[in-house]
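Peer 1: coordinates only, sequence not included:
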């Protein structure tokens, strides 16, 4: 897998990292840093709407906005939130968390733009339901159907790697560490259940994710906050390490360098929130909504919750519980000999076990099962949409439906290092296509955002001026 490691390092070198940050900055400046100054608006539109009466779908043609968000979060809050954060800290040091935050802060507006464009350029499928995403806004917005198919091809590959192999691998690793489960047996069960749910399409996926995502978030965040509260005295030092290691030269940071923190922080940050990759826009395009910018608010919240909340809890559990030592981990990371217990989900589980004992390992295992299972569901839907964009042949869809469960078995028994290398490669390829499209279509996305905000202000002022 040396080739994929080198290719991943090349793709995630300076230019691609700069492209992610540049796209986020472009949308942030263009919107007046709406993710910060418009916080009351996007929170009221998203979280606030959950306390209002839910709108019914119009004729069953779409899914509710909460179901669309849950499906997107299901594919987003997966192993990247548990294993990915731990891997980033192990290889990039505590400073990687800072660059996760920065990528998320800028990615909130990149994600907003993706969702706006996905709804603006979506179209009806043969079944009459909405479908959209990068394939549609590249094809209909940029009028480049060939490039849309290239994205679809990378999308299919990524769902089989990051959306499948990585998820199954982390589930099997966690269950093996907690209960000695056989990885191949775990993969077989995942394959069977995932195939059954995906057969029901976006409606079934959305309904199931709407039930599972809040439950898994409450379990993980609640338990994580308990660990952090018990170790509250170590919290200031954890933040000091996060900020200090993000900028300190190698000699000062115990061997970790700013470049390592930036590389792993941004790469894993992108994997945890997918802002700039365009994948989650596929789910948001199915939402029962008329205004594209309204769905963009859910795109902002998605990135905020996936990285600023879930990943921060994971990082602070690891850094405050005493299970991670930078001086001990770095030499092992540089030699490629980091033990499984100091990498990925087992490292996070050790942090929870510091308070809950053996039950802590099961908390992480159960959370990871829910996170990764829902990620499998969301990714499986994305992959099917990629196949539909590539060809209308039914045999291709059936071939994917066979390959996807098979990859769950392979991923469960595979090597986690090799799997994460594949994830970096395919995420990088998706970004190479999607980021330029987002920049080229940014005038349209920002115009739709400004128009929607002006309409909100007009409605708010209407009764007074009338």
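Peer 2: Received the coordinates, thanks. Fair warning: this is a prediction, and the values are worked out from it, not measured in the lab.

Peer 1: residues near residue 214, how many?
Peer 2: Close neighbours of residue 214, defined as other Cβ atoms under 10 Å, add up to 14. Glycine gets a C-beta too; all of them are placed from N, C-alpha and C.

Peer 1: pLDDT on the helix or strand containing residue 269, on average?
Peer 2: Taking DSSP states H and E as the criterion, residue 269 maps to helix 258-273. The average pLDDT within helix 258-273 is 69.

Peer 1: and what of stretch 40-50?
Peer 2: Rounded mean pLDDT across stretch 40-50 is 84.

Peer 1: repeat for stretch 318-332
Peer 2: 76.

Peer 1: from here on, call the first residue 249.
Peer 2: Done: numbering now begins at 249, and the last item shifts to stretch 566-580.

Peer 1: ok, so what distance separates residue 638 from residue 392?
Peer 2: Relative to residue 392, residue 638 is positioned 15 Å away (Cβ to Cβ, to the nearest Å).

Peer 1: err, residue 343, not the other one
Peer 2: 38 Å.

Peer 1: quick one, which of the two is more surrounded?
Peer 2: Ranked by neighbour count (other Cβ under 10 Å), residue 343 and residue 392 place residue 343 first, with 28 against 16.

Peer 1: chain center to the lengthiest helix in the chain, what's the gap?
Peer 2: As assigned by DSSP state H, the longest helix anywhere in the chain is helix 606-638. Remark: helix 606-638 is offset 11 Å from the chain centroid, using Cα atoms, centre = their mean, to the nearest Å.

Peer 1: so for it, what gets flagged as buried?
Peer 2: 608-638 (16 or more other Cβ atoms under 10 Å).

Peer 1: any idea of the mean pLDDT in stretch 544-563?
Peer 2: So the average pLDDT for stretch 544-563 ends up being 89.

Peer 1: could you tell me the end-to-end distance of it?
Peer 2: One end of stretch 544-563 to the other measures 27 Å (Cα to Cα, to the nearest Å).

Peer 1: quick one: distance of that stretch to the chain centre.
Peer 2: The answer for stretch 544-563 is 9 Å, by Cα atoms, centre = their mean.

Peer 1: distance of residue 353 relative to residue 604?
Peer 2: For residue 353, the distance to residue 604 - Cβ to Cβ - is 32 Å.

Peer 1: which one of the two has more residues nearby?
Peer 2: residue 353 (19 against 16).

Peer 1: can you pull the contacts of the more buried one?
Peer 2: For residue 353, the contact set (Cβ atoms under 8 Å, 6 or more residues apart in numbering) comprises 272, 283, 556.

Peer 1: below-threshold pLDDT in the stretch 399-548 of the chain: ranges please.
Peer 2: The stretch 399-548 of the chain contains residues with pLDDT under 70 at 422, 425-427, 447-458, 496-511, 515-516, 518-519.

Peer 1: and if we set it to 50?
Peer 2: 499-502 (pLDDT under 50).

Peer 1: what does the stretch 599-714 of the chain give?
Peer 2: 712-714.

Peer 1: also the stretch 249-398 of the chain?
Peer 2: For the stretch 249-398 of the chain, the stretches flagged by pLDDT under 50 are 303-307.

Peer 1: how about the strands in it?
Peer 2: Using DSSP state E, counting those that start in this stretch, the strands of the stretch 249-398 of the chain run over 371-372, 378-379.

Peer 1: circling back to that earlier point, buried stuff in whatever helix or strand comes next after the longest helix of the chain?
Peer 2: Sequence order places helix 642-661 as the next helix or strand after helix 606-638, per DSSP H and E. The neighbour-count check on helix 642-661 (16+ other Cβ under 10 Å) flags 648-649, 651-653, 655-660 as buried.

Peer 1: got the angle for helix 642-661 vs helix 606-638?
Peer 2: Between the axes of helix 642-661 and helix 606-638, defined by axes from the mean of the first three to the mean of the last three Cα atoms, to 10 degrees, the angle is 160 degrees.

Peer 1: off-centre distance for helix 642-661?
Peer 2: Centre to centre, stretch against its chain (Cα atoms, centre = their mean), the figure for helix 642-661 is 21 Å.

Peer 1: what packs against the next helix or strand after that helix?
Peer 2: Using DSSP H and E, the helix or strand that follows helix 642-661 in sequence is helix 664-688. On a contact count with 3 or more Cβ pairs under 8 Å, 6 or more residues apart in numbering; DSSP states H and E, helix 664-688 meets helix 250-259, helix 262-278, helix 343-368, helix 382-384, helix 393-408, helix 414-427, helix 506-521.

Peer 1: and those helices: which comes nearest residue 484?
Peer 2: helix 343-368 (14.6 Å; Cβ to Cβ).

Peer 1: from the chain's centroid, how far away is that closest one?
Peer 2: Using Cα atoms, centre = their mean, the offset of helix 343-368 from its chain centre is 10 Å.

Peer 1: so residue 294 touches residue 544, yeah?
Peer 2: No: at 10.3 Å, residue 294 and residue 544 do not qualify as touching, with contact defined as Cβ atoms under 8 Å.

Peer 1: which one's more surrounded, those two?
Peer 2: Here residue 294 and residue 544 are compared on neighbour count by other Cβ under 10 Å; more neighbours surround residue 544, at 31 against 21.
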